[in-house]
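Peer 1: Fold the following and give me the result.
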Amino acid sequence: MSRKKTISDLRALEMNALKELRKIAYNIDSPDLGVMYDAVGKLALNKRNRSLLPKATELFSATDQNVKQAAFTVAGKNAFGNYIALLITEMNTLNPVEREQVLQGIQEMFSQTGGPESTGEQKLWIESLMSLGKEHQPTVFSLMRFLGDPGRRWVTAQIRDNISNISLGAIPAISEFPGRTRKRLVKLLVDIASKRRREMLPYVCGIVDDKTYGYLAAFLKGSSWQERAEIAAAISNVGIQSTSGIIMELVGDSNWQVKQALLENINIPHSKFTAIAKMLSYLVKETHTRVRGQAGRTLLLLGSVKCLDSNLSEQRKKIEKRYRTQLLKAAQANKDLDAEWLGVKSEKEDPMQDILKKVSMDDISIDSDTSEKPEPVGVSLSDLASASDSGDESVLEVKDKSALLSALLGAQKKSVEEPDKPQEREPQELQLDPSIPSTSKFLLLLQHMSANVGRDVPIDDLLSKAQDAGMGEEEFDGVMEELEKQGLIYRSSKGTVRYVDMEL
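Peer 2: Have a look, this model is predicted:
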């Protein structure tokens with residue numbers, strides 16, 4: 001093929017493409033709504049619609065909402081240079097939902113083609129995006145990962161200098177940054193949030209991984225047991241690969257709830273067997289029943305789920321050699337787990353079997369020996385009363401017991417004369433000796449109120465009763481915290497407190 005023919009073919013292709021774009025631009029201004037909508041649809045779908053970016057910006061002020069939204073979508077996916085500032089400025093005329101849709105389109109475009117490589121272009125995007133409101137922070141933070149070093153520096157500055165204004169929804173976007181950048185940002189966020197915004201902890205726990213969970217140690221200083229339980233759950237979800245540092249601090253925590261969270265959320269496939277085994281060597285000896293039971297369950301799981309650096313046969317051999325007694329006890333308490341590898345076959349009980357047995361026994365008692373046994377005759381209280389008055393012995397022969405007859409008749413007469421009245425049970429006031437210790441007062445009050453209102457006792461009501469008994473609010477909080485540490489009570493998120501159920 002000659003060079004002249006090749007150039008001619010390319011020009012023909014260009015002319016055809018330009019002809020199509022001219023037709024779209026012309027039809028957008030058509031007074032015919034059908035033609036206009038068709039052109040707007042083609043504008044949004046055309047692969048070369050960047051060439052019509054000036055035309056799309058003209059439609060920002062269109063009265064038709066569908067046309068306006070299509071224009072912003074096209075501009076968002078193609079904006080560059082001075083069009084960036086124009087696009088973001090005009091987006092302020094949209095409502096927050098429409099603005100978010102445009103931002104999602106920009107993010108989709110960056111994900112498919114990559115962000116701008118020019119530093120100047122990256123800075124133009126950052127300056128424009130900064131003008132958007134706080135409600136768009138999650139998407140803006142997510143876009144920053146496509147804007148190179150300027151984007152990373154902007155997020156760093158927000159965490160370091162403006163953490164009080166960062167929305168909680170923006171935190172997960174930090175996990176989308178590439179490896180080394182993510183690690184630095186997570187460390188900075190943990191260091192500053194642990195001092196200035198501790199309420200960020202649950203969201204920070206959601207973005208840590210096996211390389212960054214150690215940074216959560218910054219939150220341990222001055223922490224509550226709820227915060228430490230949150231940290232323990234996050235680390236377990238990632239996987240236990242080492243027992244140094246923060247892991248052993250959590251294993252040795254004074255609150256049983258922290259150890260329970262560590263065991264309940266453990267990700268065995270992403271954990272190392274040696275690390276879990278070392279952790280369990282302490283927790284199987286725990287004094288609290290729940291923790292000890294959960295440690296036994298975890299041991300049983302190690303016989304069915306492979307760890308990161310081991311295989312099932314090795315795991316079974318090692319744990320059975322050292323923890324045979326605990327494994328057998330755990331197999332009895334956890335019948336939902338496989339224990340056949342221990343040589344224990346647990347048969348799952350079917351609740352229907354009891355029902356079927358009962359039905360079959362009823363059938364036998366009804367159908368068998370019907371020819372020999374007379375049919376039972378029903379007798380009511382009125383029958384007995386009339387029989388007693390008339391002396392009818394055929395009825396009285398049913399049960400020849402005068403005491404039973406008189407009792408039944410008396411009960412009938414009493415029910416007619418005095419209809420049943422609901423008995424209201426008035427809660428009795430608890431009299432407390434003022435000389436007994438505060439802990440005893442607290443437990444007696446909790447026991448008394450549990451009997452009246454149920455196992456979950458509102459903390460405010462309990463405090464009110466405690467104050468009536470001579471306990472101050474500080475004293476009440478101190479006693480409650482001490483009993484929680486001992487694992488005797490626990491409080492729920494609904495503002496109630498109850499005894500710990502010690503049965504597994």
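
Peer 1: The residue nearest to residue 455 when sequence neighbours are not counted: how many residues sit nearby?
Peer 2: Distances taken as C-beta to C-beta, 6 or more residues apart in numbering put residue 498 closest to residue 455, at 4.8 Å, once the chain neighbours are dropped. Backbone N, C-alpha and C define where each C-beta goes, glycine included. Residues contacting residue 498 under the criterion other C-beta atoms under 10 Å number 15.

Peer 1: thinking residue 498 is in contact with residue 449, fair?
Peer 2: No: the criterion here is C-beta atoms under 8 Å, and residue 498 misses it with residue 449 at 10.3 Å.

Peer 1: who touches both of those two?
Peer 2: Counting by C-beta atoms under 8 Å, 6 or more residues apart in numbering, the common neighbours of residue 498 and residue 449 are residue 457.

Peer 1: Might you list the low-confidence residue ranges for this structure?
Peer 2: Scanning the chain for pLDDT under 70 picks out 1-10, 14, 17, 344-431, 493-494, 501-504.

Peer 1: and it, what are its domains?
Peer 2: 208-361, 438-499 (automatic domain parsing).

Peer 1: Same list, these, but as JSON lines with distance to residue 198 please.
Peer 2: Putting the domains of the chain into JSON lines (distance: least, C-beta to C-beta, whole Å) gives the following:
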{"stretch": "domain 208-361", "distance to residue 198": "7"}
{"stretch": "domain 438-499", "distance to residue 198": "17"}
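
Peer 1: and residue 478, how many neighbours?
Peer 2: For residue 478, the neighbour count with other C-beta under 10 Å is 15.

Peer 1: Now it. Nearest residue, chain neighbours left out?
Peer 2: With sequence-adjacent residues excluded and distances taken as C-beta to C-beta, 6+ apart, residue 478 is closest to residue 438, at 8.0 Å.

Peer 1: show me the contacts for that neighbour.
Peer 2: By C-beta under 8 Å, 6+ apart, the contact list for residue 438 reads 471, 475, 478, 479.

Peer 1: Check these and tell me the two furthest apart.
Peer 2: 471 and 478 (9.8 Å; C-beta to C-beta).

Peer 1: returning to that earlier point: is it true that the residue nearest to residue 455 lies in a helix?
Peer 2: No: going by DSSP: H, G, I helix; E, B strand; the rest coil, the assignment for residue 498 is strand, not a helix.

Peer 1: OK, contacts around it?
Peer 2: 450, 455, 456, 457, 489, 490, 492.

Peer 1: Can you show me the strands along the chain?
Peer 2: All strands of the chain, identified by DSSP state E, fall at 457-458, 489-491, 496-499.

Peer 1: I'd like those strands laid out as a markdown table, including distance to residue 295.
Peer 2: Below are the strands of the chain laid out as a markdown table (distance: least, C-beta to C-beta, whole Å):
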| stretch | distance to residue 295 |
| --- | --- |
| strand 457-458 | 30 |
| strand 489-491 | 19 |
| strand 496-499 | 22 |
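
Peer 1: Between those strands, which one is closest to residue 182.
Peer 2: For those, proximity to residue 182 was assessed by C-beta to C-beta; strand 489-491 is nearest, at 35.7 Å.

Peer 1: Count the neighbours of residue 309 for me.
Peer 2: With other C-beta under 10 Å as criterion, residue 309 counts 12.

Peer 1: Give the closest residue to it in space, chain neighbours not counted.
Peer 2: residue 272 (4.8 Å).

Peer 1: Residue 496 too?
Peer 2: residue 456 (4.0 Å).

Peer 1: Phi, psi for that neighbour please.
Peer 2: phi -90, psi 110 (degrees, to the nearest 10).

Peer 1: wait, isn't it in contact with residue 499?
Peer 2: No: using C-beta under 8 Å, residue 456 is not in contact with residue 499; the gap is 10.1 Å.

Peer 1: The residue nearest to residue 309 contacts residue 315, doesn't it?
Peer 2: No: counting by C-beta under 8 Å, residue 272 stays clear of residue 315, with 11.2 Å between them.

Peer 1: Report the set of residues contacting both of these two.
Peer 2: Common contact partners of residue 272 and residue 315 (C-beta under 8 Å, 6+ apart): residue 307.

Peer 1: Please say which of those two ends up with more neighbours.
Peer 2: A count of neighbours by other C-beta under 10 Å puts residue 315 above the other of residue 272 and residue 315, at 23 against 18.

Peer 1: which residues does residue 466 contact?
Peer 2: 441, 442, 445, 476.

Peer 1: and the gap between it and residue 460?
Peer 2: 11 Å (C-beta to C-beta, to the nearest Å).

Peer 1: All the helices of the stretch 1-150 of the chain, in order from the start?
Peer 2: According to DSSP state H, counting those that start in this stretch, the stretch 1-150 of the chain carries its helices in the segments 3-28, 33-45, 53-58, 65-78, 82-91, 96-113, 119-129, 137-144, 148-161.

Peer 1: What angle do helix 65-78 and the second one make with each other?
Peer 2: Counting by axes from the mean of the first three to the mean of the last three C-alpha atoms, to 10 degrees, helix 33-45 points 20 degrees away from the direction of helix 65-78.

Peer 1: Contacts for stretch 193-210, please.
Peer 2: 163-164, 168, 171-172, 174-175, 186, 189-190, 215-216, 218-219, 221, 227, 230-231, 233-235, 238-239, 241, 270.

Peer 1: and residue 334, how many neighbours does it have?
Peer 2: Around residue 334 there are 18 residues (other C-beta under 10 Å).

Peer 1: Ramachandran coordinates for it?
Peer 2: When read as degrees, to the nearest 10, the backbone of residue 334 gives phi -130, psi 70.

Peer 1: Please list all residues in contact with it.
Peer 2: 296, 297, 300.

Peer 1: Tell me which of the residues you listed fall in helices.
Peer 2: 296, 297, 300 (DSSP state H).

Peer 1: quick one: which of the residues you listed is nearest to residue 339?
Peer 2: Nearest to residue 339 among the ones in helices among the contacts of residue 334 is residue 300, at 6.4 Å by C-beta to C-beta.

Peer 1: is it true that that closest one touches residue 336?
Peer 2: No: in terms of C-beta under 8 Å, residue 300 does not count as a neighbour of residue 336; the distance is 10.1 Å.

Peer 1: Just want to know which of these two has more residues nearby.
Peer 2: More neighbours surround residue 300 than the other of residue 300 and residue 336, with 25 against 7 (other C-beta under 10 Å).

Peer 1: Could I get the contacting residues of that one?
Peer 2: Going by C-beta under 8 Å, 6+ apart, residue 300 touches 327, 330, 331, 334, 337, 339.

Peer 1: Please pick the buried ones from the residues you listed.
Peer 2: 327, 330, 331, 334, 339 (16 or more other C-beta atoms under 10 Å).

Peer 1: quick check, nearest of those residues to residue 76?
Peer 2: Nearest member of the buried ones among the contacts of residue 300 to residue 76, counting by C-beta to C-beta, is residue 334, at 54.0 Å.

Peer 1: Residue 234 against residue 216, yeah?
Peer 2: Yes: applying C-beta under 8 Å, one finds residue 234 in contact with residue 216, separated by 6.8 Å.

Peer 1: quick one: which of these two has more around it?
Peer 2: Legend: neighbour count by other C-beta under 10 Å for residue 234 and residue 216, higher for residue 216 (24 against 20).

Peer 1: Surely the more buried one is in contact with residue 236?
Peer 2: No: Residue 216 is beyond contact range of residue 236, at 12.0 Å (criterion: C-beta under 8 Å).
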